[in-house]
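S.K.: pasting a predicted model and its sequence here:
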Amino acid sequence: MSNVSPHSNGGPSLLDRLPASIFPRVSGLHAAALIIAILLIGLLIIPVLQVIYVAFLDPNTGALTLQNFVDFFRTSLFRESFWNSFYVSAMSVVFATVIALPLAYITTRFNFAGSVVIQSLGFIPLIMPPFVGAVAMQLIFGRNGTLNLLIEEKFGINIPFMEGLNGVILVQSIHYFPFILINLSTSLRNIDRSMEEAAQNLGSQGMRLFRRIVFPLAMPGYVAGAALVFIKVFDDLGTPLLLNVNNMLAPQAFLRISSIGISDPMGYVISFILVAFSIFSLWASFLVMRGKDYSTVQKGGGGLSRRDLRTGEKIAAYAVVAFILILVLSPHIGLTLLSFATIWSFAPLPDGFTLQNYVVMWENSKQFITNTVIYAGIAAVLDVIIGTAIAYIVIRTGIWGRKSLDYLATAALAVPGVVLGIGYLRVFHSIDIPFTDKPMASWWVIIALALMIRRLPYALRACTAALQQVSLALEEAAESLGATIRRIVIPLMSGGILAGFVTSFATAAVELSATIMLVSSESDAPLAYGIYLFMQTPSGRGAGAALGVVAVIIVGLGTFLSQLMIERDKKFKSTDQSH
Amino acid sequence: MTNQMVGIEINDLHLSFGETEVLTGVNLDIQPGEFFAFLGPSGSGKSTLLRSIAGFGPTPRGSIRIGGRDVVSLPPWKRNVGMVFQSYALWPHMSVRDNVGFGLKERKMPASEIAPKVDAALDLVGLSHLADRMPNQLSGGQQQRIALARTVVVEPEVLLLDEPLSNLDASLRVQMRRELLALQRKLGLTTIFVTHDQEEANTTADRMAVLDKGVIQQIGTPQVLYDTPENLFVAEFLGTANILVGQVESDGGAKRFRTSVGDVLPLSDGHEGAGSIVLRPQNMQIVDQAGADTLPGTILHREFMGSQVRYIVRTSGTEMIVDQFHHVGHDWRDTGSNVHLKVNTNEAVIVAS
């Protein structure tokens, strides 16, 4: 693509006559790329590198040292936290697999009328931030929760579903299993029927066939999903914090920084470990999957053959799906009940129902909700602007180093919220807010910027997908008629951009791990932090649940709207091409 | 690796996908050691028929006997029928060696016996040196051979090939079909080959069945099917055919064919009544003089095809395709010129229409 000089009329301008080696010609796109690169480096790379750097600094002398790591592993609480985080992540992967595997298998191998239910199971958990459901889960599965009260009455035993680490594992696996379900189903669907038939033809059948052919072929998808679950759980701060499980890495990092201060090296050591584990998991899953694009569907092939279920099997399938559905909906049910409850304690169900919690919530949370709309709004607008720009630069231009913009923005996925929060505190506490003498670290704008960086990878994917659907021919046709990017490409991408905006907004609105580090006063706090505050006291739980319901509605509505826009866009484009 | 050769008998086979019947009353008798082709357009049911012999798809009504044993209700893994898939279906997570050894492992054969058999099978297809490669490192032709080796190594009673050459490029296709035939002869395996390409079927098959709309139209050697098609579908599907619609009449002792537009051609034989006359492009010559066995016409197009020149000639009833051998120094007919088509009626075939 050639860049037409803006100075084509008249003779060469002064700028054109300057030596290009000293004053390179900078087009608008080049300038945009440069600005984005600076933003990403300043808001993502420097804070993270700073955190890692401090982890290796002696807090007193400022010299490089490994002493902090030695101290870390000498402290039994940290060793315990490390193993707990590892254990909880691994067990969450195991339980998420136990939930996802039968669902994926049923939808892809059988003609099952309940497949619609299973598909909705794939996103219901994701519309509720896990920390919001955690308290509700406590009320249903806890020691004195609904289920245990009933079991105790009947059998005289108490099952520790929610005791300590168990609770975190339960909440996390219920929340994150869709990652495995979606990835595994996709790769199962991408296996060509002939792969299975060839094995049957050579005498294989049943479990052996599944073990030797089907499962290995679906493995890449499973590994991708499992790695994602592992990282998400390993890095999550909100859920253990809400369940009062503090002997894990992320809560320890938060507690050290928030109680001892930003000069305490342990928070940085933990951050380093979190980042290292994230990168390690991504790298390991990349290694496992390298050269294994097993998507083997051929033209006219179609996925694995599906068969009808026998009556007994059908009942079993419905039972499994119903059981998982109840399990998955339990945080939603619990939260809703709690938000309408007068008192709910030591009883299977609340003592009575009231709207009072919503009144209390409304009176106390106006500030939280306003803040959330402002922060998430700023973050989402910046996300789609930057996302569209990066997508355009990467796909449609030949600017040197354009791919690195994509990598930089996507790298945010590997950075836990806690780490980004700590990085911002460290970097911005020494920089003042413009025209004041207060540190930037306590400025609310920093929260919006952190949310922007955290959600950018998702917005970028949406914008990239949208741009890829706009055919180059269409764009060139427009250009040949003198139209510009703004006039043609952006409107064609609008569906995808809007979907990206809504997703970014909805998920940024309920983000806790980065914001909890950065909120300096209650008046600056967003909704997620408000829920956290409410949930700290038993009397505030009802109002907290009501605010939680608001959060779920925001995310649910956002997810629904963005799906709607993507679908409508697809339909629009497909009818467009049939003409 | 030679087998006791077995035949395949199919009796009154019916198969439906839901409401649509895709195979109707199929009867077939394939001889032991025969190389048999199913030929037909897409949607004719040829692949469905092949898959039902392998045991894939819905269970059909009727019987399929392989070596006298009815397999129609057996699952695929109990049939001992080897099938090579159109897509080859090599498992991407296994090496070539593991792919080929898969069936033997399933048969619980000890590893010490598997290795030499796998080597022999790879040797048979000439790819021993690729044993440790992964399938995605192989070319299309190599994948095809490995798929073949994987199938024959388990010594199936019959070999089924589903459009085995369709994913190869044209030059490789000719070479592979010769290799396939040589291999089949060497193994003496009763083989069925599905294709939509008549040239593939003609050059390899001992006999073939032409299918359309789930019904077998005709069974026979390639030559018989080409020379004496039993109906218009077979006539038009195999090679190029000019069809004249009309009826066979008797004039005293002599038979003649009167076309629907009134042209008359003498016939040596034929049943009286409505029918169509099938003329191949090489069954006619372009001449200047009218005669008893000629049709008047005008040359519409001329296409030079190398060894021959193809003329499209407009006659009173229809447009006819006529091929004339090309000889050096021979003048071509110009388009627009009025000519006569001399019909070799003893080479023509009358089919009921």
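M.R.: Arrived safely, thanks for sending.

S.K.: show me what residue of the stretch 251-353 of chain B gets nearest to chain A.
M.R.: Closest contact between the stretch 251-353 of chain B and chain A, by C-beta to the nearest C-beta, is at B:M305 (31.4 Å). Bear in mind the C-beta positions are built from the backbone N, C-alpha and C, glycine included.

S.K.: excluding its backbone neighbours, what's nearest A:A224?
M.R.: Once flanking residues are discounted, A:A224 sits nearest to A:N183: 4.9 Å by C-beta to C-beta, 6 or more residues apart in numbering or on different chains.

S.K.: again with B:L122
M.R.: With sequence-adjacent residues excluded and distances taken as C-beta to C-beta, 6+ apart, B:L122 is closest to B:S128, at 4.5 Å.

S.K.: the helices in the stretch 151-300 of chain A, which residues?
M.R.: Using DSSP state H, counting those that start in this stretch, the helices assigned to the stretch 151-300 of chain A run over residues A:165-189, A:193-201, A:206-209, A:215-235, A:238-242, A:249-255, A:265-289.

S.K.: list the buried residues for the shortest one?
M.R.: What it means is helix A:206-209. A:L209 (16 or more other C-beta atoms under 10 Å in any protein chain shown).

S.K.: how near is the residue of the stretch 251-353 of chain B closest to chain A to B:W332?
M.R.: Distance, B:M305 to B:W332, using C-beta to C-beta, to the nearest Å: 12 Å.

S.K.: more neighbours: the two, which one.
M.R.: Neighbour totals were compared for B:M305 and B:W332, and B:W332 leads with 12 against 9 (other C-beta atoms under 10 Å in any protein chain shown).

S.K.: and A:S513, how far is that from A:Y529?
M.R.: From A:S513 across to A:Y529, the span is 11 Å (C-beta to C-beta).

S.K.: domain assignment for the chain?
M.R.: This is for chain A. If you go by automatic domain parsing, the domain ranges for chain A are A:26-58+A:355-579, A:86-246+A:311-348.

S.K.: chain B was what I was after
M.R.: Split by automatic domain parsing, chain B gives B:8-235, B:240-351.

S.K.: give me the phi and psi angles of the nearest residue in space to B:D227 that is not next to it in sequence.
M.R.: Nearest non-adjacent residue to B:D227, counting by C-beta to C-beta, 6+ apart: B:V349, 7.3 Å away. Torsion angles at B:V349 (phi, psi; degrees, to the nearest 10) stand at phi -120, psi 140.

S.K.: who touches B:V349 in this structure?
M.R.: B:227-229, B:235, B:277-278 (C-beta atoms under 8 Å, 6 or more residues apart in numbering or on different chains).

S.K.: circling back: export the domains of chain B to a markdown table and tack on mean pLDDT?
M.R.: Putting the domains of chain B into a markdown table (pLDDT from 0 to 100) gives the following:
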| stretch | mean pLDDT |
| --- | --- |
| domain B:8-235 | 91 |
| domain B:240-351 | 86 |
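
S.K.: which of the ones you listed sits most buried?
M.R.: Highest mean neighbour count among the domains of chain B (mean count of other C-beta atoms under 10 Å in any protein chain shown): domain B:8-235, with a mean of 19.

S.K.: ok now that one, how far from the chain's centre?
M.R.: How far domain B:8-235 lies from its chain's middle: 13 Å, per C-alpha atoms, centre = their mean, to the nearest Å.

S.K.: tell me how far the ends of it are from each other?
M.R.: Chord length of domain B:8-235, first to last residue, is 27 Å (C-alpha to C-alpha, to the nearest Å).

S.K.: quick one: contacts for the residue in the stretch 51-200 of chain B that chain A sits nearest to?
M.R.: Closest residue of the stretch 51-200 of chain B to chain A, C-beta to the nearest C-beta: B:G103 (3.4 Å). By C-beta under 8 Å, 6+ apart, the contact list for B:G103 reads A:202-204, B:150-151, B:153-154.

S.K.: if we go to 7 Å?
M.R.: Taking C-beta atoms under 7 Å, 6 or more residues apart in numbering or on different chains, we find B:G103 in contact with A:202-203, B:150, B:153-154.

S.K.: again with B:P41
M.R.: B:196, B:212.

S.K.: now do the SS call for it.
M.R.: Counting by DSSP: H, G, I helix; E, B strand; the rest coil, the backbone at B:P41 sits in coil.

S.K.: how close does it get to chain A?
M.R.: Computed as C-beta to the nearest C-beta, to the nearest Å, the B:P41 to chain A distance reads 15 Å.

S.K.: check the chain for its longest helix and report it.
M.R.: I'll assume chain A. helix A:356-396 (DSSP state H).

S.K.: wait, chain B
M.R.: Ranked by residue count under DSSP H, the longest helix found in chain B is helix B:170-187.

S.K.: what does that helix contact?
M.R.: The set of residues external to helix B:170-187 that reach it, using C-beta under 7 Å, 6+ apart, is B:1-2, B:35, B:141, B:144, B:152, B:164-165, B:168, B:191, B:200, B:203-204.

S.K.: spit out the contact partners of the closest residue to B:R61 other than its chain neighbours.
M.R.: Residue nearest to B:R61 in three dimensions, not counting chain neighbours: B:H14, with 4.5 Å by C-beta to C-beta, 6+ apart. Residues in contact with B:H14 (C-beta under 7 Å, 6+ apart) are B:21, B:23-25, B:60-62.
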